[in-house]
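**Student:** Sequence first, predicted model second:
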Amino acid sequence: MQKNSIVEVKNVRHHYRKGSGGDFLVLEDINLSLYEDEIVCLLGRSGAGKSTLLRTISGLIRPTEGTITMQNTPITEPREDIAMVFQSFALFPWLSVQENVELGLEARRINPDERHRRAIQAIDLIGLDGNEEAFPRELSGGMQQRVGLARALVIKPSLLLMDEAFSALDVLTAEILRADLLDLWIEGQLTIKSILMVTHNIEEAVLMADRILIFGSNPGRIISEVPVSMPHPRNRLAPEFRTLVDSIYEKMTSRDTQRTNKDSVFPGTGIGMVLHYISTNILQGFLETLYTVHNGQADLPKLAELLSLDGGDILHIAETLQLFRFCELDGTDVHLTSKGKEFAAGGIDQRKKLFRDHLQSYIPLAARIRSVLDERRDHIAPMSRFRDEIEDYMPEEPAEETMKTVISWGRFAELYAYNEQTGKFYLE
């Protein structure tokens, strides 16, 4: 039977202005439909544009090109029948639970008695009854996110958008909140007709979604659609669950051969390469585990389970180490290169030397910083000089993360030093 369409996204492209002119393409050729009675997950790596797409659907962002309609009406600004739950709890600390939940109703000029009644109903529904007068500081992270969920539900939306709503919670709390939301959905206790979730957690997507849309990066685009037909509640240990998780890992790690050349496994080759922050402690721990426990080779889903990491995080780690040529990815398998084995087996001095050599060879921004410092008589250069340069290639937010990353990696490698107070790089 044909389902009723809730939202239609057609030919959407979006770009941000770069620091010194020009555009940074975030979304390209996005086409999707959301239907009644389904949960859809947007699954992909951090920085792939998933949150940008969610915000265009919510009406918070106007796409550069294309159209978004809800029941045949263009979405050009926030609507009363669309609610959004963010990763951060976004509660006002000076307001009580009930006052936070009523906030959206007050903005819609609902009378106080009706606001009170609907807020109490929403608070009870998500399991926070008895905490109406509590303030956010008195609540756990899980309880604060329940308040955020109640604030979204109280306006009785037709569409609920969730932007990594469980990622800031500990594993157990997130599991409980997911299960509670699914129970409310399955039991028909919500006015919501459709849920669109952003996540980079593969298992979360398989646990909740009826459809999974896998996002590619640079620019963000849908590269695959995966239906999930397993009935709820879903068992993580069931063979069909594990098989689906493994197949999604493989889709997310596969190369996009239609768009890139044979070297595309490395995300960019110049100074404009966006670097996602991963601490050197985590990189070292991954290499050590792969070397000592798995003899230098492992299946990513099994390794993620061993290290208590979700799919998106372990992919970022593996791809970063691949960028350094310490690892190689082949489908869902990851194995150490000869230099990766040398790193994992070495002492701290050997590790620093290897990391320094590969940082200069394979991370152009780090090599640029060192080259400028070597050339200057005083061996000092302001961080802003390099940040301004990379903002010609990327928006401000990824530029800040890229600088944070290259500072951290350079310090570990002892390639250069950085003074937080003066904002300057220097050679020790």
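**Tutor:** In hand now; what should we look at? Numbers count the residues shown, from 1 in each chain.

**Student:** what secondary structure does F24 sit in?
**Tutor:** Taken by DSSP: H, G, I helix; E, B strand; the rest coil, the conformation at F24 corresponds to strand.

**Student:** what's the distance between it and A134?
**Tutor:** 42 Å (CB to CB, to the nearest Å). In short, each C-beta sits where N, CA and C put it, glycine included.

**Student:** of these two, who's got more company?
**Tutor:** F24 (20 against 15; other CB atoms under 10 Å).

**Student:** sec struct for the one residue sitting closest to the centre of the chain, please.
**Tutor:** The residue lying closest to the centre of the chain (CA atoms, centre = their mean) is S46, at 3.6 Å. Three-state call for S46 (three-state DSSP): coil.

**Student:** M403 against R385, yeah?
**Tutor:** No - applying CB atoms under 8 Å, one finds M403 not in contact with R385, separated by 10.9 Å.

**Student:** Going along the chain, name the strands of the stretch 101-250 of the chain.
**Tutor:** 159-163, 194-199, 211-216, 221-227 (DSSP state E, counting those that start in this stretch).

**Student:** Save those as JSON lines, and put in mean pLDDT and mean neighbour count too.
**Tutor:** Compiled in JSON lines, these are given as follows (pLDDT from 0 to 100; neighbours: other CB atoms under 10 Å):
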{"stretch": "strand 159-163", "mean pLDDT": "90", "mean neighbour count": "23"}
{"stretch": "strand 194-199", "mean pLDDT": "91", "mean neighbour count": "25"}
{"stretch": "strand 211-216", "mean pLDDT": "90", "mean neighbour count": "21"}
{"stretch": "strand 221-227", "mean pLDDT": "90", "mean neighbour count": "16"}
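
**Student:** so can I have a markdown table of those strands showing distance to I82?
**Tutor:** Formatted as a markdown table, the strands of the stretch 101-250 of the chain follow (distance: least, CB to CB, whole Å):
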| stretch | distance to I82 |
| --- | --- |
| strand 159-163 | 5 |
| strand 194-199 | 10 |
| strand 211-216 | 18 |
| strand 221-227 | 21 |
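
**Student:** Which one of those lies nearest to R325?
**Tutor:** strand 211-216 (22.8 Å; CB to CB).

**Student:** I'd like to know which elements that closest one is packed against.
**Tutor:** strand 38-43, strand 221-227, helix 239-253 (3 or more CB pairs under 8 Å, 6 or more residues apart in numbering; DSSP states H and E).

**Student:** and the helix or strand just after the last one, what other elements does it pack with?
**Tutor:** Moving toward the C-terminus from helix 239-253, the next helix or strand (DSSP states H and E) is helix 280-292. Contacting helix 280-292 under the criterion 3+ CB pairs under 8 Å, 6+ apart are the following elements: helix 300-307, helix 311-323, strand 333-336, helix 338-345, helix 396-413.

**Student:** re the thing from before, point out the most buried one among the helices and strands packed on strand 211-216.
**Tutor:** Among the helices and strands packed on strand 211-216, strand 38-43 has the highest mean neighbour count (mean count of other CB atoms under 10 Å), at a mean of 24.

**Student:** if we look at that strand, which residues are touching it?
**Tutor:** For strand 38-43, contacts defined as CB atoms under 8 Å, 6 or more residues apart in numbering pick out 3, 32, 34, 50, 53-54, 185, 194-200, 202, 204-205, 208-215, 248, 252.

**Student:** what are the pairing partners of it, and which direction each?
**Tutor:** Strand pairing for strand 38-43, determined by DSSP bridges: strand 194-199 (parallel), strand 211-216 (parallel).
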